[in-house]
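Engineer: here is my input; please provide its structure:
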Amino acid sequence: MFEADEAAVPGELLEMAFDPAVLEVGEELGYLRDGYPPKLLRQLKRGQYSVQDEIDLHQMNAAAAQAAIAAFLAEAKLQGLHCVRIIHGKGLRSKAAGPVLKTLTDRLLRRRDDVVAFASARPAQGGTGAVVVLLR
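Structural biologist: Numbering: from 1, shown residues only. Presented below is the predicted three-dimensional model:
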């Protein structure tokens, strides 16, 4: 049985819906839009920006989380907020497909024009289970 399990691993890795080398549970997220100084991302990672609001995506499915992120960021823009936190969790109970909400959050934020940068939160603010977002 052990040999059969070991032989099945390469095929299972090829069939995964995500690339585990790109994003693993516990890995830090980080992004800086082109045209902005790298110093900005370093400051964000060090926690030098004050978080003005947050949303917690725990217990949401992917569709609900996507809608919640869009509504949250739209409301933040209306309120003139520049730094927010999105708590997505670490995906520790996710199946083989990997951390669903963490991957979704990363993908959505990279596509938004109003996001200047984002980075995993400091350990006291949720660590790799949350992301701090800098908005225009």
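Engineer: count of neighbours near A121?
Structural biologist: A121 has 24 neighbours, counted by other Cβ atoms under 10 Å. (Each C-beta comes from the backbone N, C-alpha and C, glycine too.)
Engineer: pretty sure it sits against R85.
Structural biologist: Yes: with contact defined as Cβ atoms under 8 Å, A121 counts as touching R85 (6.2 Å).
Engineer: hey, what's in contact with both of these two?
Structural biologist: Listed as contacting both A121 and R85 by Cβ atoms under 8 Å, 6 or more residues apart in numbering are A130, V131, V132.
Engineer: give me the element the second one is part of.
Structural biologist: What that stands for is V131. Using DSSP states H and E, V131 maps to strand 130-135.
Engineer: now that strand: mean pLDDT?
Structural biologist: Computed over strand 130-135, the mean pLDDT rounds to 96.
Engineer: what are the pairing partners of that strand, and which direction each?
Structural biologist: strand 83-87 (antiparallel), strand 115-120 (antiparallel) (DSSP bridges).
Engineer: by contact count, what packs against the lengthiest helix in the chain?
Structural biologist: Criterion DSSP state H: the longest helix present in the chain is helix 62-78. Where contact means 3 or more Cβ pairs under 8 Å, 6 or more residues apart in numbering; DSSP states H and E, helix 62-78 is packed against strand 53-56, strand 83-87, helix 100-111, strand 130-135.
Engineer: looking at those, which is nearest to R42?
Structural biologist: strand 130-135 (11.9 Å; Cβ to Cβ).
Engineer: what sits up against the longest helix of the chain?
Structural biologist: 52-53, 55, 57, 60, 84, 86, 88, 100-101, 104-105, 108-109, 112, 114-115, 133, 135.
Engineer: of those, buried ones?
Structural biologist: 55, 57, 60, 84, 86, 88, 100-101, 104-105, 108-109, 112, 115, 133, 135 (16 or more other Cβ atoms under 10 Å).
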